[in-house]
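Chemist: Build me a structure from this.
(chains A and B)
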Protein chains: 2
Amino acid sequence: MLYSSRLLENAVNELSRLPGIGKKTALRLALYLIRQDSMAVESFCQSILKMKNEIKRCTQCHNISDTEICDICGNLKRDKSMVCVVQDIRDVMAIENTGQYQGVYHVLGGIISPIEGIGPDDLTIISLIDKVTAGGIKEVIFALPATVEGDTTNFYLSRKLKESEVMISVIARGVAIGDDIEYADEITLGRSILNRVPFTSGP
Amino acid sequence: MLYSSRLLENAVNELSRLPGIGKKTALRLALYLIRQDSMAVESFCQSILKMKNEIKRCTQCHNISDTEICDICGNLKRDKSMVCVVQDIRDVMAIENTGQYQGVYHVLGGIISPIEGIGPDDLTIISLIDKVTAGGIKEVIFALPATVEGDTTNFYLSRKLKESEVMISVIARGVAIGDDIEYADEITLGRSILNRVPFTSGP
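Modeler: So this is what the prediction gives:
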C-alpha cells in the first residue's frame, strides 16, 4: 500500500499490530481518528496510557484491579471459602454477570499448553496452592475450557491440591438453555445425560 | 458488563468508540495492550497523537500529506492537466496502487448526500472549480461511487464545470476482470455492453 503520509503510515502500522485488526481496518481507524477533534484523540490516548501504567493485579486473585486488593476479594459479603479457578479475567466478568456466584476467584492467566510453551510455572498455580494450603478454603471450582489443555490443567491442579483435602468441583457441561437437543454435539449431549441432576420444579 | 477496574473500563469505552469496534472487541484490545510492554504502548499512543497533531492536507488536492504540497502534486513527472476527482484519500491509494494513472487528484472529502446532511459547501468543490477556472487543466475524471449520491455529485460538478469547457470523463464501469458474466448484475452487465470498446489484442 502506498501512503501519502509517513505519519499516517506509522499510525496504521501501530494500529494493525492489534489483534484482529488488518491494514485496511487500521487505515479506516486512523482516518477516523484524523477526523476527530484533538481533545478526543488526546483523551483516547490518555485513557490507554493511564490504564497501561496504573493498572494493578489483585495480590489475592490476580484479577485486574485499580487497587492492591480487587473489589471482589475486598468485599466482606463474598464467601472466601469458595474459589473459582478461571483462565482469564474475561471469565471473571462472564461469571460475575450471571450474578449466581458469591465466592471469590483465582485467575490463572492461561492454561497449561505444551504446544504454546505454557507450563505450570507461567501461571499463578503456586499462588493458588499456597492459598489453599494456608487453610480456610472449603471448595475449589474449576471453570477452565473443556479442551485438552483445560483438562490437563484441571488434572495437574487436582493432583497438586490432593493433599490439602479441599473439595474440588468442576462447572456443569451440558446442552445450553434454548438449544435444541437434536442439534447438540454428541460429547455435550452424552455429558448432559451422564451428569443429569434430580428434577426440581423451581428454576 | 461489570469491569473490575475503572481504568480498564475507561480504556474499553474509548476503544469502543472506534468504528466497527464493539465492547467485546474493545475489551480484547485493552487486555492485549495491558500485556504489551510499556514502551510498545507508549509508541502506539505517540504515533496516533503525532499523526493527529502534525498531519496536513495538501493545499492543492486536499489529500493527506506530511507537507503543504503532497508528493503527487509536487512530482514534476505527473501530468497536472489531468485531475481525477475522488471521494476519499483511500480512493487515491487504490488508484495509485494500479500504477496506471499519471495525472493528479482532487479529494472532495465526501459526496453530496442530503440524507446525511452533506451539501456542496461541505466538500472541496469551490477549490476544484477555482483550480479548473485558473486554467491549465484539460481533463477532469470523475471517480466517485456509482450510487445516487455519487451520480448527484457528478451532475452537480459537471454543471459547475460547464463554462470552463474542460473535458469531463468518468471511470469505466463494467464486469470486473475474473468475474463470470452469468453472475454479473444486470446494471453492470448492461453498462458493459453499452460502453463496449474496440477490440485490441494487447492488454
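
Chemist: hey, let's count contacts and neighbours off CA atoms from now on
Modeler: OK.

Chemist: Let me see the ranges of the strands in chain A.
Modeler: With DSSP state E as the definition, chain A shows strands at residue ranges A:56-57, A:64-65, A:79-86, A:103-107, A:139-142, A:167-170.

Chemist: Compare those and give me the one nearest chain B.
Modeler: strand A:64-65 (4.8 Å; C-alpha to the nearest C-alpha).

Chemist: check contacts around the residue nearest the centre of chain A.
Modeler: Chain A has A:Asp88 as the residue nearest its centroid, 1.9 Å off, counting by C-alpha atoms, centre = their mean. By C-alpha atoms under 8 Å, 6 or more residues apart in numbering or on different chains, the contact set of A:Asp88 is A:107-110.

Chemist: rewinding a little: can I get the strands of chain A in a markdown table including mean pLDDT and mean neighbour count?
Modeler: Compiled in a markdown table, those are given as follows (pLDDT from 0 to 100; neighbours: other C-alpha atoms under 10 Å in any protein chain shown):
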| stretch | mean pLDDT | mean neighbour count |
| --- | --- | --- |
| strand A:56-57 | 92 | 18 |
| strand A:64-65 | 92 | 24 |
| strand A:79-86 | 94 | 20 |
| strand A:103-107 | 95 | 24 |
| strand A:139-142 | 94 | 21 |
| strand A:167-170 | 92 | 14 |
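
Chemist: Which of those sits closest to B:Pro114?
Modeler: Between B:Pro114 and the strands of chain A, the tightest spacing by C-alpha to C-alpha is seen for strand A:64-65, at 47.2 Å.

Chemist: How about residues contacting the closest one?
Modeler: Strand A:64-65 is touched from outside by A:55-58, A:70-71, A:89, B:4-5, with contacts defined as C-alpha under 8 Å, 6+ apart.

Chemist: got it, and stretch A:98-105?
Modeler: A:61, A:72-73, A:77-86, A:92, A:95.

Chemist: lowest confidence element among the helices and strands of chain A?
Modeler: Using mean pLDDT, DSSP states H and E, the weakest-scoring helix or strand in chain A turns out to be helix A:186-194, at a mean of 87.

Chemist: Using neighbour counts, pick out the buried residues of it.
Modeler: A:189, A:192 (16 or more other C-alpha atoms under 10 Å in any protein chain shown).

Chemist: got it, and stretch A:156-168?
Modeler: Per 16+ other C-alpha under 10 Å, stretch A:156-168 contains these buried residues: A:157-158, A:161, A:166, A:168.

Chemist: re the thing from before, nearest to B:Pro120, out of the strands of chain A?
Modeler: When those are compared by C-alpha to C-alpha, strand A:64-65 sits nearest B:Pro120, at 50.1 Å.

Chemist: Strand partners (parallel or antiparallel) of the closest one?
Modeler: Strand A:64-65 pairs in its sheet with strand A:56-57 (antiparallel), by DSSP bridges.

Chemist: residue ranges with poor pLDDT in chain A?
Modeler: A:1, A:202-203 (pLDDT under 70).

Chemist: Settle this for me: A:Asp71 is touching B:Ser4, isn't it.
Modeler: Yes - contact criterion C-alpha atoms under 8 Å: A:Asp71 and B:Ser4 qualify, at 6.8 Å.

Chemist: ok, these two, which is more surrounded?
Modeler: For A:Asp71 versus B:Ser4, neighbours defined as other C-alpha atoms under 10 Å in any protein chain shown are more numerous around B:Ser4 (22 against 16).

Chemist: what ranges do the helices span in chain A?
Modeler: With DSSP state H, the ranges of helices along chain A come out as A:6-15, A:23-35, A:38-54, A:89-98, A:125-133, A:148-161, A:186-194.

Chemist: Buried deepest among the ones you listed, which one?
Modeler: helix A:6-15 (a mean of 22; mean count of other C-alpha atoms under 10 Å in any protein chain shown).

Chemist: Surely A:Glu149 is in contact with A:Gly110?
Modeler: No - judged on C-alpha under 8 Å, A:Glu149 makes no contact with A:Gly110 at a distance of 9.8 Å.

Chemist: Which parts of chain A belong to which domain?
Modeler: By the assignment in automatic domain parsing, chain A contains the domains A:6-54, A:76-171.

Chemist: Please report how far the residue lying closest to A:Ser4 once chain neighbours are set aside lies from B:Ala134.
Modeler: Nearest residue to A:Ser4 in three dimensions, chain neighbours excluded: B:Ser65, at 5.6 Å (C-alpha to C-alpha, 6 or more residues apart in numbering or on different chains). Separation of B:Ser65 from B:Ala134 (C-alpha to C-alpha, to the nearest Å): 23 Å.

Chemist: now A:Thr200
Modeler: 85 Å.

Chemist: A:Arg191 too?
Modeler: 79 Å.

Chemist: same thing with A:Leu8?
Modeler: Distance from A:Leu8 to B:Ala134, by C-alpha to C-alpha: 31 Å.

Chemist: got the CA coordinates for stretch A:157-169 in PDB?
Modeler: Extracted in PDB, the C-alpha atoms of stretch A:157-169 (Å, rounded to 0.1, in the frame of the first residue of the first chain):
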ATOM      1  CA  LEU A 157      -4.300 -28.800  39.700                       C
ATOM      2  CA  SER A 158      -6.300 -31.600  41.200                       C
ATOM      3  CA  ARG A 159      -3.000 -33.600  41.800                       C
ATOM      4  CA  LYS A 160      -1.400 -30.600  43.400                       C
ATOM      5  CA  LEU A 161      -4.400 -30.000  45.700                       C
ATOM      6  CA  LYS A 162      -4.900 -33.600  46.700                       C
ATOM      7  CA  GLU A 163      -3.000 -33.400  49.900                       C
ATOM      8  CA  SER A 164      -5.000 -30.300  51.100                       C
ATOM      9  CA  GLU A 165      -8.200 -32.400  51.100                       C
ATOM     10  CA  VAL A 166     -10.200 -29.400  49.800                       C
ATOM     11  CA  MET A 167     -13.400 -30.300  47.800                       C
ATOM     12  CA  ILE A 168     -12.800 -30.000  44.100                       C
ATOM     13  CA  SER A 169     -15.700 -29.400  41.700                       C
END
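
Chemist: Which residues does that stretch contact?
Modeler: By C-alpha under 8 Å, 6+ apart, stretch A:157-169 touches A:125, A:129, A:132-133, A:137-142.
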